[in-house]
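Chemist: Predicted model follows, preceded by the sequence.
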Amino acid sequence: MRVVRIVAVVIGAAALVAVSGTSSASPKRLGQTCGGLPEYTTGPEVVFGRPTTLAAAEKLQAQVMGAGFTFTSIEAGCNEFRVVIRGYDTYETAVAIQDEARRKTIFRPTVECYQAPDKNGELEVAMGHAPDLGSADALVSLVASRGFVNAKLESDPCGGYEVMMKGFIDQAQAKAFADEAYGVGFNAALEPDS
């Protein structure tokens, strides 16, 4: 009986793979929304190219890494792959990497601001923005010192951070909170994507 169950699970898994039609060489992934994969975080990225096949992306990545940019990755989009460097928190860092690549290599990368799919409709109030993590932590402390506790940090698409308040039950409550925070000196606003 146990063997029959195992065989049934294996057959079911094989059928799912056959029906989904996805492969490791396809830029389209199950559950993906066009414009990026949900697991990538919001922030700036230096894009070295947009090949349409995985093989071409791997070749470009090898060339970029051979030129000294060793922290590249390949990100799958809907119709292309992007060869990128990401993982820093300021736009200025992205521009510095771009400038270095343009000065020292044949590559002409672009700096792009990536916005990850967001929030699932959760209401949020932005309390302010900060250019780097140290400044963002200081803003969180300032927010808390004025009685607004449990602020969260989110990455901004072009670098830096946004200090957010969450947990509102409806639009009216979030708007009232933003008005109160604005009244004590914060440039608070209800997030438009909320």
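Modeler: In hand now; what should we look at?
Chemist: ok, residues contacting stretch 46-57?
Modeler: Residues outside stretch 46-57 that contact it (C-beta atoms under 8 Å, 6 or more residues apart in numbering) are 24-27, 59-60, 64, 69, 72, 74, 77, 79-86, 94, 97-98, 101, 107, 109-112. In short, each C-beta sits where N, CA and C put it, glycine included.
Chemist: what about residue 126, neighbour count?
Modeler: Residues contacting residue 126 under the criterion other C-beta atoms under 10 Å number 21.
Chemist: Show me where the protein has its helices.
Modeler: With DSSP state H, the ranges of helices along the chain come out as 2-20, 54-66, 91-104, 133-145, 171-183.
Chemist: how does this protein divide into domains?
Modeler: By the assignment in automatic domain parsing, the chain contains the domains 43-114, 119-190.
Chemist: Okay, now the unreliable bits of this protein?
Modeler: Applying pLDDT under 70 to the chain flags the ranges 1-40, 117-120, 193-194.
Chemist: change it to 90
Modeler: 1-43, 75-78, 86-91, 113-123, 129, 131-133, 154-160, 167, 187, 190-194 (pLDDT under 90).
Chemist: any chance of the helices of the chain in JSON lines, with distance to residue 189 and mean neighbour count too?
Modeler: As requested, the helices of the chain are exported to JSON lines (distance: least, C-beta to C-beta, whole Å; neighbours: other C-beta atoms under 10 Å):
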{"stretch": "helix 2-20", "distance to residue 189": "41", "mean neighbour count": "9"}
{"stretch": "helix 54-66", "distance to residue 189": "39", "mean neighbour count": "16"}
{"stretch": "helix 91-104", "distance to residue 189": "21", "mean neighbour count": "16"}
{"stretch": "helix 133-145", "distance to residue 189": "14", "mean neighbour count": "15"}
{"stretch": "helix 171-183", "distance to residue 189": "6", "mean neighbour count": "15"}
